[in-house]
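*Asks:* Below: sequence and its predicted model.
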Amino acid sequence: MLELIVISTLNGVLFGMLLFLMASGLTVIFSMLGVLNFAHASFYMLGAFFGFQISRWFGFWPALLIAPLLAGAIGAGVERFGLRRVHKNGHVAELLFTFGLAFVIEEVAQIIWGKSPVDFRIPPLLDFPAFTIFSTNYPAYKMFMLLVSIAIFAGLLVVLKKTRIGLIVQAALTHPHMVGHLGHNVGRIFMLVFGVGTALAAVAGVIAGPALVTQSNMAGLLGPILFVVVVVGGLGSLPGAFVASLLIGLVQTFAVSINGSLSGAFGPLSPDYASTWLADIWGVTVAQIAPIVPYLLLVLILIFRPMGLLGTRDT
Amino acid sequence: MRKFMMAAAFTLPMLGGVAMAQETFKIGYIDPLSGGGASVGEVGLKTFQFLADDVNAKGGIQGKKVEIVPLDNKTNPQESLIQAQKAIDAGIRFLTQGNGSSVAGALSDFVTKYNERNPGKEVLYFNYAAVDPVLTNAKCSFWHFRWDANSDIKMEALTNYMKTVPSIKNVYLINQDYSFGEAVRSQAKAMLAAKRPDIKIVGDELHPLLKITDFAPYIAKIKASGADTVVSGNWGNDFALLLKAAADAGLKVNWYTYYAGGPGGPTAVKQANLNHQVFAVSEGIPNLDHPSSQEFEKAIRAKYDFSLFYPRAVNEMRMLAAAADKAKSIDPVKVALALEGMEFEVFDGGKGNMRKDDHQFFQPIYIASLGDRSEREPFDEEKTGWGWKLVAKIDAPATVLPTTCKMERPN
């Protein structure tokens, strides 16, 4: 039992940190540009594919460095040449633009790399069990993922709190118009933020690619959870995104371990109801519905606290 | 400029329809070619294309060359119906599908209704891998033919073998959350309770189909339950990733499966270092000491670099050709009437027959384990060095189960 709790906590924190890498970029982009970037998960996928291709040519470690830079550059380009032009047409137009971009990126990935999963392998240096908890091995690669996520989180914190650009970004998170009025080159800052946000998503892609499957449907599998994280955490709040990603990572992982169901708690249903829909609901376990538990959380948050856990703005 | 663009936008798509292929015998292959099922769907498509080439080399079917038309259904029942309609609109009258009983149920229903409403334009549905028993029982149809032993037949064979293994004490069930997974788990529980009442079921898990990429939480649960054996009907990515997570966690249990041989499976088993601890029930393995099937195996591996995972597809194609010959026609109704009740020498040797009552094909069933090979096992899987070793063979008559099908025949 204790083993299960420890392993689930590790897995949950790991998944949460991965989500945070992506959600941080998404929430910062939303706060500053007012654009909910539907294509964010696609940059995660691009990061994974770039990582795969570059690791084929040069090895995993160069890929870890180059792939996010490449994806970030594409992101900055999207902002400079795409979003900025669409911006004058309003928020809805920007939303539609990123929505269409998501499809385009997925199709281009399918054209280049095909529709089946690609063989993105864990680098041999990390392919061993890191430690053994009770009797379960925990892979070293997952510890590496955790460490990279924590390192990037720490780096992000330092940049935001201690540097000038961080100060400007923090201000723009809550008072974007004021920052513009004060004379900062908002255009350049936007491009930087979009580029860094998508680069973060790409880093998540490069490190998650070998562990999860690298395939063109990656964006669709993780995309919806990303929005849940951002909404639950509070749009515009970076600490909120952190708390929400960890919460959702842990909730989803622990939910799988819980075998409770209504029938377990209240006893079996009378046989008269055996073939009705009531029997299905009575028998379903929490583990079976684990993947939709985050969405239940989303609904609850929207009902009881629509600005999110730590949200500062409600638009 | 605008007028020109409008004119082009209207006329260019029409040009596509003009290029009519010469008359070929088209078979619509409705299976996933993208998304979670892509790895399996692609292998199936290439297998059918290889079989089509094989049949064409012998003159085709009734003089016509066989052409396999791929139709991507993304493992989604609604999408499959759209693809089926697309196929019918293109003049295709033979559909084949296998990945997902959810899809199969929708397709069987669709084809039955279509044929009722369009007499004279009937379409046949050949099911090569969807094994929910209901398709040849309560929801049987004259227009549906199944070449894979259904889930109950497979579970009967597997549990008969498990009955003879005294070391099995605690069994964990993990399956995909849809009709097939339900069939596996309910029959596993019922049959094990009847044959080995001393076995304890310590876990009964259902997870979403082809959506999970990290099975670590499930492996943690299996560990915590104290199981020494896992029974699973998982296929495709769901099996490969489950075993990959087991490899990462160092889980050492015995696995009794249906589809351990699928794409990615043997690699994951080797990674988990489970030497002869993973068992699978199937209608054929390469290491059966049967010369003609071994020749075929060599040929398909030379061309496509994967093993023949679908001996049943070979039976399907060959029986289709035989039925067309017997009926001297490619009219679906005549082919169907020739197919039902047909006795056939199956790919891996032995007699099989397509039962007329429910259109379920019965054939010899094999149980094999994956691991180190000896000279009796010349073929390995996915370049791991490990291959399938025969553990038990069940002849076709011993696999027969009764059916509740009340088939409505065309007059």
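*Replies:* Yep, that arrived.
*Asks:* which sections of the stretch 1-150 of chain A are below the confidence cut-off?
*Replies:* Judged by pLDDT under 70, the stretch 1-150 of chain A has no weakly predicted residues.
*Asks:* got the residues of it near chain B?
*Replies:* A:1, A:3-4, A:7-8, A:11, A:15, A:110, A:115-117, A:129, A:132, A:135-139, A:142 (CB under 8 Å from any CB of the partner chain). Placement of C-beta: from N, CA and C, glycine included.
*Asks:* Could you list which of these belong to strands?
*Replies:* A:129, A:132, A:136-139 (DSSP state E).
*Asks:* Now which of the residues you listed would you call buried?
*Replies:* In terms of neighbour count (16 or more other CB atoms under 10 Å in any protein chain shown), the buried residues within these are A:129, A:136-139.
*Asks:* and stretch B:31-40, how far out from the chain's middle?
*Replies:* Chain-centre distance of stretch B:31-40: 13 Å, with CA atoms, centre = their mean, to the nearest Å.
*Asks:* start to end distance for that stretch?
*Replies:* 9 Å (CA to CA, to the nearest Å).
*Asks:* that older thread, for the buried ones among the ones in strands among the residues of the stretch 1-150 of chain A next to chain B, work out which two are farthest apart.
*Replies:* A:Thr136 and A:Pro139 (10.3 Å; CB to CB).
*Asks:* Give the intersection of the neighbour lists for the two.
*Replies:* By the contact definition CB atoms under 8 Å, 6 or more residues apart in numbering or on different chains, A:Thr136 and A:Pro139 are jointly contacted by B:Ala249.
*Asks:* in chain B, which spans are helices?
*Replies:* B:2-18, B:38-57, B:77-89, B:101-117, B:151-163, B:179-195, B:216-225, B:237-249, B:265-271, B:291-304, B:311-327, B:332-339, B:396-399 (DSSP state H).
*Asks:* Please identify the most buried of those.
*Replies:* helix B:237-249 (a mean of 26; mean count of other CB atoms under 10 Å in any protein chain shown).
*Asks:* Output the contacting helices and strands for that helix.
*Replies:* strand A:136-139, helix B:38-57, helix B:216-225, helix B:265-271 (3 or more CB pairs under 8 Å, 6 or more residues apart in numbering or on different chains; DSSP states H and E).
*Asks:* Pipe the ones you listed into a markdown table and attach distance to A:Ala73 per row.
*Replies:* Output for the helices and strands packed on helix B:237-249, formatted as a markdown table (distance: least, CB to CB, whole Å):
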| stretch | distance to A:Ala73 |
| --- | --- |
| strand A:136-139 | 32 |
| helix B:38-57 | 29 |
| helix B:216-225 | 33 |
| helix B:265-271 | 35 |
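*Asks:* Save the helices of chain B as a markdown table, and put in mean pLDDT too.
*Replies:* Converted to a markdown table, the helices of chain B look like this (pLDDT from 0 to 100):
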| stretch | mean pLDDT |
| --- | --- |
| helix B:2-18 | 71 |
| helix B:38-57 | 94 |
| helix B:77-89 | 96 |
| helix B:101-117 | 95 |
| helix B:151-163 | 93 |
| helix B:179-195 | 94 |
| helix B:216-225 | 90 |
| helix B:237-249 | 91 |
| helix B:265-271 | 90 |
| helix B:291-304 | 92 |
| helix B:311-327 | 94 |
| helix B:332-339 | 94 |
| helix B:396-399 | 90 |
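*Asks:* who in the stretch 201-315 of chain A is up against chain B?
*Replies:* Neighbours of chain B within the stretch 201-315 of chain A, by CB under 8 Å from any CB: A:211-213, A:215-217, A:221, A:253, A:256-257, A:259, A:285, A:287-288, A:290-291.
*Asks:* Spell out which two among the residues you listed are the most distant pair, please.
*Replies:* It's A:Ser216 and A:Asn259 that sit farthest apart of those, by CB to CB, at 34.2 Å.
*Asks:* Compare neighbour counts for these two and give me the winner.
*Replies:* Neighbour count, other CB atoms under 10 Å in any protein chain shown: between A:Ser216 and A:Asn259, A:Ser216 has more, with 27 against 15.
*Asks:* so what are the domain limits for chain B?
*Replies:* Taking automatic domain parsing as the reference, chain B has its domains at B:21-149+B:302-362, B:152-282.
*Asks:* any chance of those in a markdown table, with distance to A:Phe20 too?
*Replies:* Below are the domains of chain B laid out as a markdown table (distance: least, CB to CB, whole Å):
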| stretch | distance to A:Phe20 |
| --- | --- |
| domain B:21-149+B:302-362 | 25 |
| domain B:152-282 | 16 |
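*Asks:* Please identify which of those domains is closest to A:Val228.
*Replies:* When these are compared (using CB to CB), the closest one is domain B:152-282, at 15.5 Å.
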